[in-house]
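Engineer: Next one to model:
(chains A and B)
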Amino acid sequence: MAQAAIEAGCRFYFGYPITPQNDIPEYLAREFPKLGGTFLQAESEIGSINMVLGASAAGMRAMTSSSGPGISLMQEGLSYLAGSEIPAVVVNVQRSGPGLGGISPSQGDYFQATRGGGHGDYRTPVLAPASVQEMWDLTFLAFDLADRYRNPVVILADAMLGQMKEPLEMRKPELPPLPAKDWILEGCQGRDKRLLKSLYLGEGELEKHCWRLWAKYEEIKKKEVRCEAYRIEDAELVVVAFGSPARIAKGAIMEAREQGLKVGLLRPITLYPYPEKELADLADQGKTFLVTELNVGQMVEDVRMAAGRRAEVHFYGRPPGAGSLPSPEDILHEIRETYPAR
Amino acid sequence: MSETAEKLLNPRPESLVDIPTHFCPGCHHGIVHRLVAEAIDHFGLREKAIGVACVGCSVFLYNYLNTDVVEAPHGRAPAVATGLRRALPDRLIYTYQGDGDLAAIGTSEIIHAANRGEPITVVFVNNTTYGMTGGQMAPTTLLGQKTTTSPYGRDFHQAGYPIKMAEFLAPLEGVAFSARGAVDRVANLKRTRKLIFRAFEVQVQRLGFGFVEVLSACPTNWGMTPIEAAKRVEEEMIPYFPLGIFKERKEADHL
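Structural biologist: Numbers count the residues shown, from 1 in each chain, chains lettered A, B, ... in the order given. Have a look, this model is predicted:
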C-alpha cells in the first residue's frame, strides 16, 4: 500500500505509530525523503488527520494510516474533511477492540467505517481488500475516488492482510481522467480568495449543503459499487464475507463443492457503497445467506437490510483475539449447519 | 486630483475585506483582524497567504481577511497549518485562534507545531472566555472571574490557574518569537502592531515559529460596556498577563 501510494502520486504522509500498521509509516519514512516527499510523525492521530487536511487543502495527495484506537481519534477530522469536501486517504489496518483490545485481526470497525464514524450527515467510501494484490490496486482507486468526489476514502484492511506476503503484480490501473482541482488553496494570486469550510449558519445554507453532499453520495452509490461473485449462479447458499474471512470462506466453499453442496461467495469490495442490489437480486432468486465476519455481527445488518424478508440470513461471527481466527473447517461446519434443506 | 481633495492617511489594508463587521460593539476581533491584514500587506504577501480559521468567534476571520482560508476543527489549526506549510513551502501560513481553541482543546497541536519550529504565524486572541458558546470559563479565565460555568468565580482549588501561553511556549527551541500585546488603548495597539508584524517577519525570514498573544475584550460575555471592558483589560488582565516579548530569535538557531 505504501509503494502503491507512491506510484499513485502521494507525497505527503502524516501518521502516528500503532500496531499492526507500522510497516506503512516506516516504509514511507525511508522512501519519501528520496522522492522529495514529506513524511511527518505527528503528535497524535488527531494531529495526523489534520495535517492531511492541510496538505490536501493545498491540492496534494495526502494520506494517513492507523488502526482502531487511532482511527477513533481521526473521526473528528474525517467529519471536517467530508463537510469541507477535502480529499484524503485513510488506511485502517484493523486490530481488535473495544478499548485497547488486542492486535489480532478484526473486523470490529465495520460500523465505524461504513456509518461515517464522526459527527454529522456524511459518508466515506470504504474499500475492503482481501489480498496483497488488492491492497495495491485499491490504493490507486482510493486516491482516485477521493479526488473525484472530494471526499475522504477509507481502506479497511486487517492485521492478517497487514502481515501477509504474497506475489504482487505492481501494475498501474487505468483510471478515468479526474476533474481539475479548481478549489485548492495556494494563495489568491490572480483570482478571488477561496474558502474551504464546513460551517454554514445562514438560513437554509446547511440544509442545502447537506442535500448537495447527499446527491454526491447517491452518485457514488450508483457508480462505485464493487464486489466479487464466486460460483453464485447455481448456489443454494451464498456466503457473504469481506477481507480475510472471505479468503478463508473460499477455501471452505471449495471443500463444500467437493462434497456436493452448491455454495457460492459474494465478497463486497466496497463496503460503502454496499452491493445492496446484488444481494437483493440473490434474495429474489431464493438463495440463503451465511454471513461470516471477525466480530459479533456488524455487516450482517446490511445483508439483512438488502435481503429484506425474502431470504434466510445466518450469521457466523468470531470476535477477535489470539486464536480466534476461524479455520476453513469452522466455516465449512457452519455451511453444513445452515445449508437449506430441499 | 484637485488640491483640496482629501487624502486617506490610513486606508483599509488590501488584505481586509470591505464589509460591515458583525462582531459585538467593543469586541477587539475587528482591530486584531486589521493588524493582521496590515502585516500581510506590509510583506506584500496577500496573494501568497493562506489563513487557518479555528472554532469560536475567531472562525469568522474567513469573512474579513482577503486571503485564502481553510477552517480547522476545534484546536487543530496548528496541525492544519503544518500540512499546508509542508505542502506549500514558499507561502505565508497563519492561524488565528481564540483561548478556548488554542489553550484548552488545542494544547497538543500548538505545543508540537511550536516545538517543530514550523515557520508559521499564530495569532492568539485571549479574551478569557468562550465567546461564541455564551461566556463559559476558559483556560485563561482569571481567578475570581465569574463566567457561566464558574458562577462563583474561578477558584484555583477547583479549576486551576489561568494559563500564560506566550510565556509557556517561549522556551521551546522551535519558537522564534513569542510575545503578548493588547489593543485596549492606542499606545498598546501601536506596540501590538509591531509584535504582530514581527510574528509574521520571523516566518518570512524562516527563523521558526512566530507567536503573538493579544489580550482582547468581550464586553457581551463580561456583562460590560465597551469602555468598561477595555478598562478591564488594563486593570485586571495586564497585571496577570504582562505585555512584552518573551522570546525573540534574531537568526536561525538550530542546535
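
Engineer: contacts and neighbour counts: CA atoms only from here.
Structural biologist: Noted.

Engineer: All the strands of the stretch 101-250 of chain A, residue numbers only.
Structural biologist: A:126-127, A:152-158, A:195-196, A:227-230, A:237-240 (DSSP state E, counting those that start in this stretch).

Engineer: so how far is the fourth one from its chain's centroid?
Structural biologist: Distance of strand A:227-230 from its chain centroid, counting by C-alpha atoms, centre = their mean, to the nearest Å, is 16 Å.

Engineer: Which other helices and strands does that strand contact?
Structural biologist: Strand A:227-230 makes packing contacts with strand A:263-268 when contacts are defined by 3 or more C-alpha pairs under 8 Å, 6 or more residues apart in numbering or on different chains; DSSP states H and E.

Engineer: Give me the helix or strand of chain A that scores worst on average pLDDT.
Structural biologist: helix A:159-162 (a mean of 93; mean pLDDT, DSSP states H and E).

Engineer: circling back to that earlier point, right, so of the strands of the stretch 101-250 of chain A, which gets closest to A:Glu334?
Structural biologist: Checking the strands of the stretch 101-250 of chain A against A:Glu334 by C-alpha to C-alpha gives strand A:237-240 as the closest, at 10.1 Å.

Engineer: How about the contacts made by the spatially closest residue to A:Phe140 that is not a sequence neighbour?
Structural biologist: The shortest distance from A:Phe140 to any non-neighbouring residue, by C-alpha to C-alpha, 6 or more residues apart in numbering or on different chains, is to A:Ala8 (5.6 Å). Each residue near A:Ala8 by C-alpha atoms under 8 Å, 6 or more residues apart in numbering or on different chains is listed here: A:139-140, A:143.

Engineer: A:Ile6 too?
Structural biologist: By C-alpha under 8 Å, 6+ apart, A:Ile6 has no neighbours at all.

Engineer: Next one: it from A:Met170, what distance?
Structural biologist: As for A:Ile6, its distance to A:Met170 is 12 Å (criterion: C-alpha to C-alpha, to the nearest Å).

Engineer: Is A:Val291 within a helix or a strand, and which one?
Structural biologist: Using DSSP states H and E, A:Val291 sits within strand A:288-293.

Engineer: for the helix or strand just after that strand, packing partners?
Structural biologist: Using DSSP H and E, the next helix or strand after strand A:288-293 towards the C-terminus is helix A:299-307. Counting contacts by 3+ C-alpha pairs under 8 Å, 6+ apart, helix A:299-307 packs against helix A:276-284, strand A:288-293, strand A:313-317.

Engineer: Which of the ones you listed sits closest to B:Glu236?
Structural biologist: Each of the helices and strands packed on helix A:299-307 has some distance to B:Glu236 by C-alpha to C-alpha; the shortest is strand A:288-293, at 61.3 Å.

Engineer: tell me which parts of chain A are close to chain B?
Structural biologist: Residues of chain A lying close to chain B by C-alpha under 8 Å from any C-alpha of the partner chain are A:12, A:38, A:43, A:46-48, A:50-58, A:60, A:76-77, A:80, A:185-190, A:193-198.

Engineer: Among those residues, name the ones in helices.
Structural biologist: Among these, DSSP state H puts A:46-48, A:50-57, A:76-77, A:80 in helices.

Engineer: circling back to that earlier point, separate out the buried members of the residues of chain A next to chain B.
Structural biologist: Buried members of the residues of chain A next to chain B, counted by 16 or more other C-alpha atoms under 10 Å in any protein chain shown: A:12, A:38, A:43, A:46-48, A:50-58, A:60, A:76-77, A:80, A:185-188, A:193-198.

Engineer: Show me which of the ones in helices among the residues of chain A next to chain B is closest to B:Leu169.
Structural biologist: Taking C-alpha to C-alpha as the measure, B:Leu169 lies nearest A:Gly47 of these, at 18.2 Å.

Engineer: Go through the longest helix that chain B contains and flag the buried ones.
Structural biologist: Ranked by residue count and defined by DSSP H, the top helix of chain B is helix B:186-204. For helix B:186-204, a neighbour-count test (16+ other C-alpha under 10 Å) marks B:189, B:191-193, B:195-204 as buried.

Engineer: Then stretch B:75-91?
Structural biologist: Buried residues in stretch B:75-91 (16+ other C-alpha under 10 Å): B:75-88, B:91.
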